[in-house]
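Colleague: Have a look at this prediction, sequence included:
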Amino acid sequence: IKSREDAMASQNTSAETSGALIPIWFEQNVKRPTFPNLTHDVETEVIVIGGGISGLTAAYLLATEGKKVVLLEDGELGSGETGRTTAHLTNAYDDRFVNITKDFGNDVSRLVGESHGKAIDTIEQIAGKEQIECEFERMDGFLWRHPDSAKDYLEKEHKAANDAGFSTELVKTPAELNLDGDTMLRFPRQAGFSPLKYIYGVAVACQRLKVNIYTHTHAAEFKEEENFVEVTTSDQKKVKGQYLVVASNSPVDGHSLFMKMVAYRTYAIGAKIPKGSVPKGLYWDTCDSYHYSRIISGKEPGQEVLLVGGEDHPVGQDSDISGKFKKLTDWMMDKFPMAQEVVTRWSGEVLEPIDHLGFLGKAPGKENVFLITGDSGNGLTNGTVGALLVTDLIMKRENPWEKIYSPARNMTAEKTEFVTANATAVAQYRDWVTGGDIADIESLVPGSGAIMRNGLKKEAVYKDEQGKVFKCSAVCPHKQGLVRWNSEEKSWDCPCHGSRFDAYGKVVFGPANTDLPPVESQ
């Protein structure tokens, strides 16, 4: 008989990364800096929650301003979504300039592009200043038209980008690639890098700047008083400060922003290719499910790895997870004929605000609490933009991006999208009146999970590879949706607002901030 805690400790996957599939960045020869967990109460000036690119960049920038900073991370550094991206660094905004311009006008479109361009510059500058060997490299980005998109899509995006002040140009598609159409839209001076190498380097720089970093420390409760903010950990340790920055990807401090975002799973694979067979660059299509590609160095001389991502869908709302990887592989083999064997695959989570712009800045109704969330598929640059903006706000400086990214902004113009997103979430509660996935535990194969009805209750049942069974409540503690089993990442995913839990019920992605309650272990 194994306890749930022993099983979680022995597996420890959620502390390393938020899924069972391990991204290629974890296979690179890079040493992760280690930090203690918090064992005592502490006072500081700024508390940062989250050890990904958003939190570490905010901690670094604030420390360079002379602020005393404490950073809390409930797993290891990079164990969230920073380590599960394909690491495109781009100001060619995922939701496209033509859409941003239509909804907000040229001025906002210009600020969006400028802010993400500044984020790329900032990453390059920090990497250079701190001598972080993270394979940062400038390259162009290329957008090509999917056959289902309007014939003049690229021309409209070209005009919208240039009207907003950016130099894009229509260029000929490389003959060696089997991409749709003979024309692409080129965005100059984009970039790519190794995200874990970068944030580990930033963490080392934070140490030099006297930032106190604590890992395996879960921030359980938050409160703001008139003159201070306070965070209480799950071990009942208290951190008190003047400011709180919540950079945990999906914020978990009790506000309603989860109703203004849709959580998506996105998929990535990597295949060996002969070195130089694909022109260096970032590649994106205009397909509704959206595909994105780039090249990184391979382990073997004369080879590179082509990373391809896409096939997005709302979290927990598609049961054919393995089919997503097959579709992605088929698409890659068609568009990039030089692709060889697939050597890596994983998935990640993105949060799409209903108006496409991140939520960065002062939390609604708060005075000294700041948020960095709503990555909209541009998480690495969005997180860096958020760190730059929050630093300015804490230092009492004006920032031209404050209004457009404000978490408290008026979103009435997106009423239809708001209603649609929340109606879809509400529809998932129908699971309460259905039967379970299995009728008995014996039918559950080792290494898998399923929902089982037990009278009026539903249980999330996982059987490990040794045949031990672990039961949790299937009710997400956030808003009481019923979780669903993710067979590839071996996680319980909530289809209502995107919370995720590992196989044993430990929360790995918000807005939920507590685990699935255990029922029993056998």
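Modeller: That came in fine, so what should we check first?

Colleague: Next up, the contacts around the residue nearest the centre of the chain.
Modeller: Geometric centre of the chain, nearest residue: Glu81, 3.9 Å, by Cα atoms, centre = their mean. Taking Cβ atoms under 8 Å, 6 or more residues apart in numbering as the criterion, Glu81 is in contact with 18, 52, 249, 348-350, 375, 379, 509. (C-beta placed from N, C-alpha, C; glycine too.)

Colleague: Off-centre distance for the longest helix seen in the chain?
Modeller: Assignment by DSSP state H gives helix 106-129 as the longest helix of the chain. Offset of helix 106-129 from its chain centre (Cα atoms, centre = their mean, to the nearest Å): 19 Å.

Colleague: and if you look at stretch 193-207?
Modeller: The chain centroid and the centroid of stretch 193-207 are separated by 17 Å under Cα atoms, centre = their mean.

Colleague: For stretch 345-364, measure first residue to last.
Modeller: Start and end residues of stretch 345-364 are separated by 38 Å (Cα to Cα, to the nearest Å).

Colleague: Now do Arg453 against Ala460, distance only.
Modeller: As for Arg453, its distance to Ala460 is 11 Å (criterion: Cβ to Cβ, to the nearest Å).

Colleague: With Met452 instead?
Modeller: When Cβ to Cβ is the yardstick, Met452 and Ala460 sit 8 Å from each other.

Colleague: the more surrounded of these two?
Modeller: Neighbour totals were compared for Met452 and Ala460, and Ala460 leads with 28 against 21 (other Cβ atoms under 10 Å).

Colleague: Would you mind giving the secondary structure of that one?
Modeller: Recorded secondary structure, Ala460: strand (DSSP: H, G, I helix; E, B strand; the rest coil).

Colleague: Over to Ile199?
Modeller: Put simply, Ile199 is helix when judged by three-state DSSP.

Colleague: So what pairs up with Lys463 in the strands?
Modeller: Ser448, Val469 (DSSP bridges).

Colleague: re earlier: now the element after the longest helix of the chain, going C-ward?
Modeller: strand 137-144 (DSSP states H and E).

Colleague: Let me know the angle separating that following strand from helix 106-129.
Modeller: Angle, strand 137-144 to helix 106-129, by axes from the mean of the first three to the mean of the last three Cα atoms, to 10 degrees: 150 degrees.

Colleague: and stretch 327-337, what's its mean pLDDT?
Modeller: For stretch 327-337, mean pLDDT is 95.

Colleague: Next, the residue of the chain positioned farthest from its centre: phi, psi?
Modeller: Of all residues in the chain, Gly455 has its C-alpha farthest from the mean position, at 36.8 Å, by Cα atoms, centre = their mean. Torsion angles at Gly455 (phi, psi; degrees, to the nearest 10) stand at phi 70, psi -130.

Colleague: quick one: Arg409 and Val369, what's the gap?
Modeller: Distance from Arg409 to Val369, by Cβ to Cβ: 16 Å.

Colleague: I should have written Asp103 there, sorry.
Modeller: Asp103 is 27 Å from Val369, by Cβ to Cβ.

Colleague: Any chance of a ChimeraX selection covering the buried ones in the contacts of Glu81?
Modeller: A single ChimeraX command selects the buried members of those (16 or more other Cβ atoms under 10 Å):
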select :18,52,249,348,349,350,375,379,509
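
Colleague: Settle this for me: Phe228 is touching Tyr243, isn't it.
Modeller: No - taking contacts as Cβ atoms under 8 Å, Phe228 lies outside contact range of Tyr243: 9.3 Å.
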